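Asks: below is the structure, and that's it, no one-letter string:
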C-alpha cells in the first residue's frame, strides 16, 4: 500500500482558532492485495470519506435497493438519467427503477473513465464528461459522434444554438504555489473550442465582487500570521483543498462544479441581472454561487458566504428563485435551499430529521418540478428521492450497484419528461 498524508486545518469563527489534525489515508495501487479485516476496512473507508470523489459509499450496503418508495399520485412522472461512478455507462430508468435504455462506450485504458455528468439532448444524443480526459457526444446507439480531448470536469451545459459550456482545469504558479484555476470553455456543436473565460485572468475582478473570507489568499495569510511560516499541505473542509502530486502540493482555488443557463422568468424580464441566458455558476471552494452576464462574463450577482458550505448544482426555477444543494460539510448535514435572489432570503428548505440523517459530503443535486416537488440526489449515499413542498418523500431510489459490500455513489440524477423519452424508446 502507498500511504498518503493529508493535513486538515479546522478554522473557527473569524479564522481566529486554528487546530491541526493529521489524517493518514490508505490509497491502494494497482496489484495491491485488498485489506480483508472488516474493522480495518471500515477504518480505511471512514478516512477515505475525506478524499475527493470516491466512487462508493463509506457505509456497508444494507437493506433494499432500487425504487423503495413510489406514490404515483403524488410524483412528477418521467424517466431518470444518471451516470455510473464505476464504469463508462449512462442509464435511463423509469419510475419503477427498470433500465429502459443505456449508453456505454468502452474506454481503452484502465482507470481513465469517470463519467459524470451526462446530458441527453432532445434527439437522444448524449453529452458526457469523461473527467479530466475528454468531452464526448454519443448518439442514441452509443456511437461516438465526436470526442474533444481536454481536461473537462463536473459539467456540460447545452445552449439553444447547439453549442455547449464546460469547465476545463488549468494550473498556474500563484504565490509561489501550484494552484488550479478553472476556465469556462465555450464549445461549438462539433466539440471545438470557441473561447474561454479564465478565473486566473479575471481574479482581480472576482475578488472585487465575491466575499473573500473563504478565499485561498485569506487562509494562507492567516496561516502565515499565526504560524510565522508557509504551510502548503492543509485542506480546509468548506474552504480550500490541497492535493499531493509527487513532491508538489496543488491547491484548488475555486473548484467550480456547475454552470447553468437562467431560464425566461418574470424576474428576468424586470431585472437584467437575472435575464434569460445569463450564467449561474457554483464556486464550491469559496462557498458562493454567482451570475455572470452571458457575453461579457461580468459578475452581476453573488451569494453564499456564511450560508453555504461546499455547495452544488444551483439552478434558477420558474418563479425566479434559485434552488441549490448545500452540502454542509462543516455542520455534517446537508440542505436543499430555495433562495429569493433579490431579497436574499430562503423561502423553502429541505433538511433531514434529524439533520444528520441527510448528508452528502462531496456530491449532490436538486431539480424542481412543475408540481412543486423536488428531486434530490444524496450522491455520497447513492440515494435519490423526490419530496413535496411539505417534505413528504413520494419516490425514493437506492443505487442497486454494490461493490465489495459498498454501494456505488451517484454524482447527479435528473428526471426527463415522458414526451421527450417515449418517442425515442419507440
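Replies: Sure thing, it's come through. Note that the structure is a prediction, hence the values are computed from the model and not measured.
Asks: ok, the residue nearest to residue 399 when sequence neighbours are not counted - contacts?
Replies: Among residues not flanking residue 399 along the chain, residue 382 sits closest, at 3.5 Å (C-beta to C-beta, 6 or more residues apart in numbering). Using the backbone N, CA and C atoms, a C-beta is placed for each residue, glycine as well. Residues near residue 382 by C-beta atoms under 8 Å, 6 or more residues apart in numbering: 56-57, 398-399, 401, 407-410.
Asks: quick one: residue 144 from residue 393, how far?
Replies: 39 Å (C-beta to C-beta, to the nearest Å).
Asks: out of those two, which sits in the busier spot?
Replies: The neighbour comparison of residue 144 against residue 393 (other C-beta atoms under 10 Å) goes to residue 393, with 15 against 10.
Asks: my read: that one touches residue 386, true?
Replies: Yes - Residue 393 sits in contact with residue 386 when judged by C-beta atoms under 8 Å, with a separation of 7.1 Å.
Asks: which of the contacts of residue 382 has the most neighbours?
Replies: That'd be residue 410 among the contacts of residue 382, by other C-beta under 10 Å, with 29 neighbours.
Asks: name the helix or strand for that residue, please.
Replies: Following DSSP states H and E, one finds residue 410 outside all helices and strands.
Asks: so it sits against residue 385, correct?
Replies: No - using C-beta under 8 Å, residue 410 makes no contact with residue 385, being 11.7 Å away.
Asks: now the contacts of residue 382 as a markdown table including distance to residue 156, pLDDT and secondary structure?
Replies: Shown next, in a markdown table, are those (distance: C-beta to C-beta, whole Å; pLDDT from 0 to 100; DSSP: H, G, I helix; E, B strand; the rest coil):
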| residue | distance to residue 156 | pLDDT | secondary structure |
| --- | --- | --- | --- |
| 56 | 24 | 87 | strand |
| 57 | 25 | 85 | strand |
| 398 | 26 | 97 | strand |
| 399 | 22 | 95 | coil |
| 401 | 23 | 91 | coil |
| 407 | 26 | 93 | strand |
| 408 | 21 | 92 | strand |
| 409 | 19 | 93 | coil |
| 410 | 17 | 94 | coil |
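Asks: which of these sits closest to residue 247?
Replies: Taking C-beta to C-beta as the measure, residue 247 lies nearest residue 56 of the contacts of residue 382, at 29.6 Å.
Asks: report the separation between that closest one and residue 86.
Replies: 8 Å.
Asks: what's the overlap in contacts for those two?
Replies: Shared contacts of residue 56 and residue 86, defined by C-beta under 8 Å, 6+ apart, are found at 403, 408.
Asks: where along the stretch 151-300 of the chain do the helices fall?
Replies: All helices of the stretch 151-300 of the chain, identified by DSSP state H, counting those that start in this stretch, fall at 203-209, 216-227, 266-270.
Asks: pick out the shakiest of those helices, pLDDT-wise.
Replies: Lowest mean pLDDT within the helices of the stretch 151-300 of the chain: helix 216-227, a mean of 78.
Asks: by contact count, what packs against that helix?
Replies: If you count contacts as 3 or more C-beta pairs under 8 Å, 6 or more residues apart in numbering; DSSP states H and E, helix 216-227 packs onto strand 2-11, strand 18-27.
Asks: buried ones in it?
Replies: Using 16 or more other C-beta atoms under 10 Å as the test for burial, helix 216-227 gives 216, 218-220, 222-223.
Asks: do the same with stretch 247-264
Replies: Buried residues in stretch 247-264, counting neighbours by 16+ other C-beta under 10 Å, are found at 249-262.
Asks: pLDDT-wise, what's the bottom of those residues?
Replies: When the buried residues of stretch 247-264 are compared by pLDDT, residue 249 scores lowest at 83.
Asks: my read: that one touches residue 180, true?
Replies: No - look at residue 249 against residue 180 with C-beta under 8 Å: they stay out of range, at 11.3 Å.
Asks: before we move on, back to that, let's have the helices of the stretch 151-300 of the chain in TSV, adding distance to residue 176.
Replies: Shown next, in TSV, are those (distance: least, C-beta to C-beta, whole Å):
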stretch	distance to residue 176
helix 203-209	16
helix 216-227	10
helix 266-270	43
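Asks: which one of those lies nearest to residue 300?
Replies: Closest approach to residue 300 among those is made by helix 203-209 (8.6 Å; C-beta to C-beta).
Asks: quick one: list the elements packing against the closest one.
Replies: When contacts are defined as 3+ C-beta pairs under 8 Å, 6+ apart, helix 203-209 packs onto strand 299-303.
Asks: who does the following helix or strand past the strand it packs on pair up with?
Replies: Once strand 299-303 ends, the next helix or strand along the chain (criterion: DSSP H and E) is strand 312-316. Strand 312-316 sits in its sheet next to strand 322-326 (antiparallel), going by DSSP bridges.
Asks: can you give the distance of the strand it pairs with from its chain's centre?
Replies: Remark: strand 322-326 is offset 12 Å from the chain centroid, using C-alpha atoms, centre = their mean, to the nearest Å.
Asks: what's the answer for stretch 395-409, then?
Replies: That offset, for stretch 395-409, works out to 19 Å (C-alpha atoms, centre = their mean).
Asks: contacts for it next, please.
Replies: Contacts for stretch 395-409 (C-beta under 8 Å, 6+ apart): 34, 45, 54-61, 63-71, 75, 80, 84-86, 93, 95, 97, 363, 375, 379-386, 410, 413.
Asks: can we see that at 7 Å?
Replies: Residues external to stretch 395-409 that are found in contact with it (C-beta atoms under 7 Å, 6 or more residues apart in numbering): 55-57, 60-61, 64-70, 75, 84-86, 95, 97, 363, 379-380, 382-386, 410.
Asks: which of the buried residues of helix 216-227 sits closest to residue 311?
Replies: Among the buried residues of helix 216-227, and counting by C-beta to C-beta, the member closest to residue 311 is residue 216, at 17.5 Å.
Asks: lowest confidence element among the helices and strands of the protein?
Replies: Here the helix or strand of the chain ranked lowest by mean pLDDT, DSSP states H and E is strand 18-27, holding a mean of 28.
Asks: touching, residue 102 and residue 91? I think so.
Replies: Yes - between residue 102 and residue 91 a contact is recorded at 5.5 Å, counting by C-beta atoms under 7 Å.
Asks: tell me which of the two has more neighbours.
Replies: More crowded of residue 102 and residue 91, by other C-beta under 10 Å: residue 91, with 20 against 12.
Asks: where does that one land on pLDDT?
Replies: Confidence at residue 91, expressed as pLDDT, is 96.
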